[in-house]
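Enquirer: below are the sequence and a predicted model; questions follow.
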Protein chains: 2
Amino acid sequence: MSNKFNIEQLNKAFESRIRLGIMSVLMVNAQVDFNTMKELLDLTDGNLASHMSALEKLNYVEVKKQFIGKKPNTLFEASKEGKIAFQKHLNALEKLLKQS
Amino acid sequence: MSNKFNIEQLNKAFESRIRLGIMSVLMVNAQVDFNTMKELLDLTDGNLASHMSALEKLNYVEVKKQFIGKKPNTLFEASKEGKIAFQKHLNALEKLLKQS
DNA sequence: TAAAAGTACTTTGTATGGCAAAGTTAAAAT
DNA sequence: ATTTTAACTTTGCCATACAAAGTACTTTTA
């Protein structure tokens, strides 16, 4: 039986509150576009872009580009893998904190 | 009414999993000594010491020194303030994640 | 049609944090 | 006398966070 306080199972990718926020948003909403996400979490363009590209590199989110009318529009969605990883993280969190 | 995804309320001090672990331990156990904490969380001396001193600086934990027999022994405990701050953090986390 | 604004970045620069490993101090055990 | 234990501190490196500014392209507006 492993340790009661197993912080190893917490996913480093989700330590930052911004990424926690991003994933929370994407668990509830299948697709969210750049500006909506930016406003939901109150981020600067650059900050959002860099967190998103980090999550993309891990294959936790997928980025899709479309046009609305003639305006470019970037959509984010959580990948299957991302949802599973996030859920695992939440389970680990819960196990760690349940006792508190 | 504030935003549904309010990551601002997450306490920066508790973003790191090590500090999450420390606080979890100290919510359950009134007092934990240096070496027990070190083993519970599988940390190096220096790493534990630096996280503890960060939490101490924020008045989230209190450090008490005693002797067991003639051996020095360092005890950690969560302060009232620390418990409240941690609980607030957990509440904010829960609010953020409930929907996921 | 020239200027302003929007979209989605990338780049730059700074500051902060995490971490291991090694060094330190002092007492205790062998 | 040497080693071990306890609890740090210091050093050095690397990664991350973030704001702000820059970029490229398009679209709206005056």
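Expert: Looks like it arrived, so ask away. Residues are numbered from 1 along each chain as shown, chains lettered A, B, ... in the order given.

Enquirer: use CA for all of it now, contacts and neighbours both
Expert: Will do.

Enquirer: is residue A:17 in contact with residue B:10, as I believe?
Expert: Yes. Contact criterion CA atoms under 8 Å: residue A:17 and residue B:10 qualify, at 6.9 Å.

Enquirer: residue A:3: neighbour count?
Expert: Number of residues near residue A:3 (other CA atoms under 10 Å in any protein chain shown) recorded here: 10.

Enquirer: sec struct for it, please.
Expert: Secondary structure of residue A:3, reduced to three states by DSSP: H, G, I helix; E, B strand; the rest coil: coil.

Enquirer: compute the distance between it and residue A:57, please.
Expert: Here residue A:3 is placed at a distance of 31 Å from residue A:57 (CA to CA, to the nearest Å).

Enquirer: same check on residue A:25?
Expert: 19 Å.

Enquirer: between those two, which one's more packed in?
Expert: Neighbours were counted for residue A:25 and for residue A:57 using other CA under 10 Å; residue A:25 has more, 24 against 11.

Enquirer: check contacts around the closest residue to that one other than its chain neighbours.
Expert: Spatial nearest neighbour of residue A:25, chain neighbours left out: residue B:5 (7.4 Å); criterion: CA to CA, 6 or more residues apart in numbering or on different chains. With contacts defined as CA atoms under 8 Å, 6 or more residues apart in numbering or on different chains, the neighbours of residue B:5 are A:21, A:24-25, A:40-41, B:96.

Enquirer: just the buried ones from those, in PyMOL syntax?
Expert: In PyMOL syntax, the buried subset of the contacts of residue B:5 is picked out as below (16 or more other CA atoms under 10 Å in any protein chain shown):
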select buried, (chain A and resi 21+24+25+40+41) or (chain B and resi 96)
